[in-house]
Every structure is written in C-alpha cells, then in structure tokens.
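Asks: I need the structure of the sequence given here:
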Amino acid sequence: MPSSTATSTIIDLDSIPGQIGHAILHASDGTILRPPTGSLTEQDLMIVYRMMLEIGTVLEGGTGGKDDDNNTYSDEVEGFQRVTVGFKEVSYAVTLGGSCLYIVKKKSSL
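Replies: Down below sits the predicted model:
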C-alpha cells in the first residue's frame, strides 16, 4: 500500500491513445515514480525535466506575480495544466498533477 497521497492518486497512462511511451516523475526533484515505458527512455525524461526547470515558474506552479492581461499586478498562483514539446519525429506532453509530472511520448503527426 502506498504511503503518500501523491503515489495513491497517480493516473494510469496506459489508456492514452497514440502514445509510444510514458512515465511519471516527482515534480520537485525529478525522481522517477513510474519508470519509462515503450520508446521513452530515462535520458528523454531527464532532458524533458531539465526543460521544465528552465521554464522556471512552471514547476513552482505560478506566474511569479507577473502582470496579467489587464495590466494589473497579481500575486495569485496559477500553475500550468499541460505543456507539449514537439520535434520532427516525436512530441512530449507534460502535465503537472499534484506533485507528479506525467510525461507522454507520441509520434508527431506531420
């Protein structure tokens, strides 16, 4: 039985259509919670995780208090729902849910 709520509410990614691999990471440190499947590799995971860290406030779950569309300053925290990183052959969809990063690899539809 899992000891934390983060691991007990992990989403099943097997049912996602068109995926050629998936994995789940702990958002705060990149620890692998579910190992990569299919053609998704640990190297892919670490590259995608580093990209998310480069984005900055994505993993912190907020806008960093930046101005909104109405030119007003907001301290409200607004996290991302999904980011897709696309390449010629494949794309990676990354979703933050709770304390987990869900990463799904798909063939690009070109």
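Asks: Tyr92 - how many residues pack around it?
Replies: 21 (other C-beta atoms under 10 Å). Every residue, glycine included, has its C-beta placed from N, CA and C.
Asks: Same check on Gly30?
Replies: Counted with other C-beta under 10 Å, Gly30 comes out at 16.
Asks: contacting residues for it?
Replies: Contact partners of Gly30, counting by C-beta atoms under 8 Å, 6 or more residues apart in numbering, are 45-46, 49.
Asks: Closest to Leu33 out of these?
Replies: Minimum distance to Leu33 across the contacts of Gly30 is 10.9 Å, recorded for Leu45 (C-beta to C-beta).
Asks: Please give the element, helix or strand, for the closest one.
Replies: helix 42-55 (DSSP states H and E).
Asks: Show me which residues of that helix are buried.
Replies: 44-45, 48-49, 52 (16 or more other C-beta atoms under 10 Å).
Asks: residues making contact with it?
Replies: Under C-beta under 8 Å, 6+ apart, the answer for helix 42-55 is 21, 23, 25, 30, 32, 35-36, 58-59, 83, 85, 92, 94, 101, 103, 105.
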